[in-house]
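1. Test case, fold it:
(one chain, ligands or ions: 1)
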Amino acid sequence: MGFSKTKSRLAVGLCLLASPALIQADAGRVHPRDISAASTTNDPTAGLDILLQSRDDNPTTTPFKEFRGCSDQNKKDIVQAWWDVVNLARIPASINFDKPGALESRIWGDDIDHRTEATDLIHKLYSNILDLWSSKTTEKILISCEDLPQPDRAEKEKAYCQKIEPEMNGKRIGGYALSKGSSYDGSAVVLCPLFFEPGQEHLADIKKNLGNDKSNQHNADVMGGKARLLLHEMAHLSALVGQEDADSYAWYASLKYFEALFGTPNASLRRDGEIPTDDPEVDPPQPAKPTKALNIILENSRHGVPNDKDFYDRMKFLFFSVDFGTSSVCQVDPAPVAEAPANDISQLIKAHLPSGTFDVKTQDGMCQYKNDGKGNAGALWCGDKAHSCKEHADFRKGREGDVYCRNLSTRIRGSVEQRAVVACEW
Ligand SMILES: [Zn+2]
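-> Numbering: from 1, shown residues only. The predicted model follows:
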């Protein structure tokens, strides 16, 4: 997983649907962009129309050098989709990940505020789109409405619009991306017939339809369309950052746009393939099922009875390293790998999550559980790899979340109650 491998893969020429996700930001951090007044209004399209007044169908106002094999109507659709992509990129280019909202957590992970390399890449992609729009970039991308030769690819690795991949369940693809090196000049996006068909709407049409259909205003599955598809393919290009998980970038931008209009969309079923527009080679694999876990348990051990001389309540966090799917409540085997006093908590029912950095021995060796104390479930860091953690369902259940541990209680001549508060699973 090294940089050199990335380089050599890029060097083999016109052969990558997706380029590896390891391309680093140019120089240090990529900061969110401050873009016009759009983010201060409810309508993410407000303000942009003025900027785009000069828009037309002229290819010189797009980052595309040629529309190969495209009809006039195709060209109109592509140019419109491009302006929509610019529109979509504006909100995410300026997003601040310090306080991840529902969409940020859902798409990028609960710990996205801790992962600066990831947020740099996210900012960089959308920022590059805006640079293409503002013509800071003079190199141009080839758009093709017909399949392009891929001489450097083995036959079975070639992408075709009509190729039906077994894993696509008979569904057709909307397009594919080709990178030659990491320049825009060597980049091409092929848009397949599906891209132009009804069902892949332009942004304005989706917005209008949703305006008239309250019941669908939070339905992420109807928020796709041509712009999402074009952004998806562009996100694959090495010149833009070359993300294998292009779909997350395309969806994030689309959903942020509609979130600004209608509130946060519900979770989509798109991973089940309801929207048949992804190119199969780069369909993100289903994440592997987790096999390991770190469980964090808050324990209240009460010694004696109130008013006794030796009465006390002791609160502490216990960290357990276990196989995925293993409960640690009231368990003595395996023993906790770490514990920490929770002196600022007086009752389980008023529980909060541990705050700070805790060394814990896991199945992957020594790791650190980190929580900034701002209310999220934190993350488990093993080397430079972070596993996001989530609140345990019992954490907010009130007294129902507490478990009386008879086996532990007899040991201290008192009572021990525990509540599962966090699980980190990977
Ligand atoms: Zn793709």
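2. you'd agree residue 209 is up against residue 201?
-> Yes - Residue 209 is in contact with residue 201 according to C-beta atoms under 8 Å; the separation is 7.3 Å. To be clear about C-beta, it is placed using only N, CA and C from the backbone, and glycine gets the same treatment.
3. Spell out the residue ranges of the helices in the chain.
-> Here the chain has its helices, by DSSP state H, at 3-11, 48-51, 72-93, 102-108, 116-133, 193-196, 203-211, 226-236, 246-262, 406-412.
4. Dump these into a markdown table; add distance to the ion, mean neighbour count and mean pLDDT as well.
-> Output for those, formatted as a markdown table (distance: least, C-beta to the ion, whole Å; neighbours: other C-beta atoms under 10 Å; pLDDT from 0 to 100):
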| stretch | distance to the ion | mean neighbour count | mean pLDDT |
| --- | --- | --- | --- |
| helix 3-11 | 17 | 13 | 30 |
| helix 48-51 | 26 | 13 | 47 |
| helix 72-93 | 15 | 21 | 94 |
| helix 102-108 | 15 | 19 | 90 |
| helix 116-133 | 14 | 21 | 92 |
| helix 193-196 | 13 | 18 | 93 |
| helix 203-211 | 20 | 17 | 94 |
| helix 226-236 | 5 | 28 | 94 |
| helix 246-262 | 5 | 23 | 92 |
| helix 406-412 | 52 | 13 | 81 |
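5. So stretch 153-163, near the ion or not?
-> No - interface with the ion: stretch 153-163 contributes nothing (C-beta under 5 Å from the ion), its closest point being 10.1 Å away.
6. CA atoms only for that stretch, dumped as PDB, please.
-> Taking C-alpha atoms only, stretch 153-163 is exported to PDB below (Å, rounded to 0.1, in the frame of the first residue of the first chain):
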ATOM      1  CA  ARG A 153      -6.000  -2.800 -21.000                       C
ATOM      2  CA  ALA A 154      -6.400  -6.600 -21.200                       C
ATOM      3  CA  GLU A 155      -9.600  -7.400 -23.000                       C
ATOM      4  CA  LYS A 156     -11.500  -8.500 -19.900                       C
ATOM      5  CA  GLU A 157     -10.500  -5.300 -18.100                       C
ATOM      6  CA  LYS A 158     -11.900  -3.000 -20.700                       C
ATOM      7  CA  ALA A 159     -15.000  -1.100 -19.900                       C
ATOM      8  CA  TYR A 160     -17.900  -0.900 -22.400                       C
ATOM      9  CA  CYS A 161     -21.200   0.800 -22.100                       C
ATOM     10  CA  GLN A 162     -23.000  -2.300 -23.200                       C
ATOM     11  CA  LYS A 163     -20.900  -4.700 -21.100                       C
END
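7. Now that stretch: buried residues?
-> 153, 158-159, 161, 163 (16 or more other C-beta atoms under 10 Å).
8. How about stretch 183-198?
-> 184, 186-192, 194-196.
9. how about the helices of the chain, which one is nearest residue 317?
-> Proximity to residue 317 (C-beta to C-beta) singles out helix 406-412 among the helices of the chain, at 15.2 Å.
10. The closest one packs against which elements?
-> strand 292-303, strand 414-425 (3 or more C-beta pairs under 8 Å, 6 or more residues apart in numbering; DSSP states H and E).
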